[in-house]
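A.B. asks: using only what follows, build the 3D model:
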Amino acid sequence: MASRLTKYLTENGYINTSVQKGGIPGVSGCLEHATMIWEAIQRAKSEKLNLDVIWLDLANAYGSVPHQMIQLALRMYHVPEDIQVMLDDYFSGFRMRFSTNSYTTDWINLEIGIAMGCTISPILFVMAMEVILKASEDSAGPANLGGGCYMPSLKAFMDDTTIICSKEDETRRMLERLDVLMAWCRMKFKPKKSRSLSVRKGKIDATTIFTVASQQIPTVSQEPVKSLGRWYDSSMKDTKRGLETVELATEGLLAINRCGLQEYKCGKARLLSMLEDSEDPVLKTVQPTIKTGRKWKVVEAVDEAKECLKIKEVIGQIQTDRKGLGSSTAKWWSKAEGKEKRDMVINEIRINEDSRRVQKAVQQPQKGQWTNWDNALQKSLTWNEIWHMVPLRISFLIRSVYDLLPSNANLVRWGKIEDPTCPLCQGRQTTEHVLSSCKIALSQGRYTWRHNRALQELAAIISTAKGETTLPNTNALIFTQREAPSHGTEGR
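C.D. replies: Here you go, the predicted structure:
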């Protein structure tokens, strides 16, 4: 019923997704609203416009919705009577009672509140809020963002309601209208958790105060507010949030000892793709700017990824591994839609970033040696051997593979010494030279010295054992040849 009711409301245009974006499938409401509100503030700041933004917090959102309000919304949107009766019976079963040590009350029918965990509750809450929003939308005109762009004066995501107006009198009229409607349906806003931001000619005006429920609303200059995942304060900048993000990222990277994944670009590309796919005509007209720095532009990266996907479709499916043709299903750009296209763009950006990392690694003579293993020192190791190795020995093996041991050639490269020659043969002392290529060390027997010393010890022990006379050990195990009688053999 929840999905059918949602489809009925959206297909008939009963919910204005430019205003209410909560509970609507396929709409990135939190992201779109937060982006548009921030864009409005930034435009008012840069173009020296007047703007009032009020974030309203609804007290006990789900628990304060009257059941009569839901029935009014169902009738207002012409929902079939069978559905109305079914929902009326459903809510009439909401009862509660109180118990003490000595007394228990009778069951009390509840007239307000909807269940948090019920699948139909979100769309019913949206319908109830839509009645209030539609009744107050005529109290103020669209906010002027400059350049011929206008934004609806109301933005709502479930119970988070935001007022955006270009004129102070319209802001107060809209706020008063919402306050009256909330009191009429026995709901109310929380002034302490609400916030206001007033911009006059591009600058913060802390003297403008708004009231709701007969109480003053704090300004963002007094207390910053977080709405739909974004912080707002009197600076109207993201500088502080950026510093906090850097600090948080640094702590996270230290916690996991560095992270090799670069999701920053993918996140920006996903944000741009979701905004481009939005059906909100206001958002398409405004086209919010996504800042990514000077060295990398998200628009160019997304366009490049799309062109690569189109070229791949023209080329067709090619052989890239040992699997046979047709063993995997290819996804083509022309046949993809919605989220599938966004995922293809994100995946293509990841592929391009991997290619750039490989290109950079190829240019690194030391740390990029893993791209060409022809000159790597080979050694067969098992997990059991690695487990029982001393840590310093493991470190030596790994550094020898990547040629990162402190040979004279590396010490010169690192700026530690000036002469890279070998003190024995006067050749260039690299890791390979020290381990196996020095002619003087080879002629002096240095490479086999340890092995030879072990053999000398074994030879001495064997010689000593042969020179001694010992009696046969009768308790020792006697080994016999195959098919020979055991009693006729001698122990060795």
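
A.B. asks: residue 146: what's it in contact with?
C.D. replies: Going by CB atoms under 8 Å, 6 or more residues apart in numbering, residue 146 touches 43, 47, 49. Every residue, glycine included, has its C-beta placed from N, CA and C.

A.B. asks: what about the first one, which helix or strand?
C.D. replies: For residue 43, the host element (DSSP states H and E) is helix 29-46.

A.B. asks: quick one: the strands in this protein, in order.
C.D. replies: 51-57, 95-96, 108-109, 143-146, 149-151, 154-157, 160-165, 195-200, 203-204, 211-212, 215-216, 225-227, 230-232 (DSSP state E).

A.B. asks: quick one: contacts of the fifth one?
C.D. replies: What that stands for is strand 149-151. Under CB under 8 Å, 6+ apart, the answer for strand 149-151 is 36, 40, 43, 142-145, 164, 282, 285-286.

A.B. asks: I'd like these as TSV, with pLDDT and distance to residue 104 appended.
C.D. replies: Listed next are those as TSV, based on pLDDT from 0 to 100; distance: CB to CB, whole Å:
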residue	pLDDT	distance to residue 104
36	88	52
40	89	54
43	89	60
142	87	55
143	88	54
144	87	60
145	86	59
164	92	50
282	82	54
285	81	60
286	80	58
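
A.B. asks: excluding its backbone neighbours, what's nearest residue 61?
C.D. replies: residue 159 (3.6 Å; CB to CB, 6 or more residues apart in numbering).

A.B. asks: should've said residue 366
C.D. replies: Closest residue to residue 366 apart from its sequence neighbours, by CB to CB, 6+ apart: residue 403 at 6.0 Å.

A.B. asks: tell me, how many residues neighbour the one you found?
C.D. replies: Neighbour count of residue 403, defined by other CB atoms under 10 Å: 19.

A.B. asks: is it true that residue 340 touches residue 332?
C.D. replies: No - applying CB atoms under 8 Å, one finds residue 340 not in contact with residue 332, separated by 10.4 Å.

A.B. asks: next one: phi and psi at the nearest residue to residue 104 once chain neighbours are set aside?
C.D. replies: Spatial nearest neighbour of residue 104, excluding adjacent residues (CB to CB, 6+ apart): residue 97 at 6.3 Å. Per-residue torsions, residue 97: phi -150, psi 160 (degrees, to the nearest 10).

A.B. asks: isn't residue 97 up against residue 110?
C.D. replies: No - Residue 97 is beyond contact range of residue 110, at 10.8 Å (criterion: CB under 8 Å).

A.B. asks: compare these two and say which one has the larger neighbour count.
C.D. replies: Set side by side, residue 97 and residue 110 show more neighbours around residue 110, with 15 against 9, by other CB under 10 Å.

A.B. asks: quick check: nearest residue in space to that one, chain neighbours excluded?
C.D. replies: Spatial nearest neighbour of residue 110, excluding adjacent residues (CB to CB, 6+ apart): residue 94 at 4.2 Å.

A.B. asks: and for residue 112?
C.D. replies: Per CB to CB, 6+ apart, closest to residue 112 is residue 66, 5.0 Å.

A.B. asks: burial of residue 358, as a residue count?
C.D. replies: By the criterion of other CB under 10 Å, residue 358 has 12 neighbours.

A.B. asks: against residue 352, how distant is it?
C.D. replies: 11 Å (CB to CB, to the nearest Å).

A.B. asks: in stretch 208-221, what's buried?
C.D. replies: Within stretch 208-221, the residues scored as buried using 16 or more other CB atoms under 10 Å are 208, 210, 212, 217-221.

A.B. asks: cool, thanks, signing off.
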